[in-house]
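Novice: Give me coordinates for this.
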Amino acid sequence: MKRFNLFIAKKITSGVATMWCAYIFAAIALISLPKALQSGDSIVIVSWVAQTFLQLVLLSIIMVGQKVQSASVEEKINETHAASLAEFELAKEARGFAQSEIAQLHELSKNMHILIKEVEAKLNN
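Specialist: So this is what the prediction gives:
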């Protein structure tokens, strides 16, 4: 049941978060505009604007804007992730070079100690 509810929620959200839905909501809201204006009552007109038009139409427009912003953020996250992975690979490569150089330095140091001991042994004889 939970999967079904999530499926329905995703379908409704993706449908409402479109400009076409905002246009449809605007058309629906405009149906009641003449009656609100005929009443001549400022409270009825303000209520129509705030409760009917703005809430109905802005809901879809805000959702469209959030979808656009979310896509932009997701793109930046993916770019940052890719750059981080590339830098990680470079760091691993640099670490490998450093370890190789350290091994070579240890080998040179070992050879130098052997040479020093040989020179000392020849000097002592």
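
Novice: Flag the helix or strand of the chain with the lowest per-element mean pLDDT.
Specialist: helix 2-16 (a mean of 89; mean pLDDT, DSSP states H and E).

Novice: where's the residue sitting nearest the centre point of the chain, which helix or strand?
Specialist: Centroid-nearest residue in the chain: residue 74, 2.8 Å away (criterion: C-alpha atoms, centre = their mean). Taking DSSP states H and E as the criterion, residue 74 maps to helix 55-124.

Novice: same for that helix, what does it pack against?
Specialist: Under the contact definition 3 or more C-beta pairs under 8 Å, 6 or more residues apart in numbering; DSSP states H and E, helix 55-124 sits against helix 2-16, helix 19-31. No exception for glycine: its C-beta is placed from N, CA and C like everyone else's.

Novice: Which among the ones you listed is found nearest to residue 123?
Specialist: helix 2-16 (84.9 Å; C-beta to C-beta).

Novice: Nice, that's everything, thank you.
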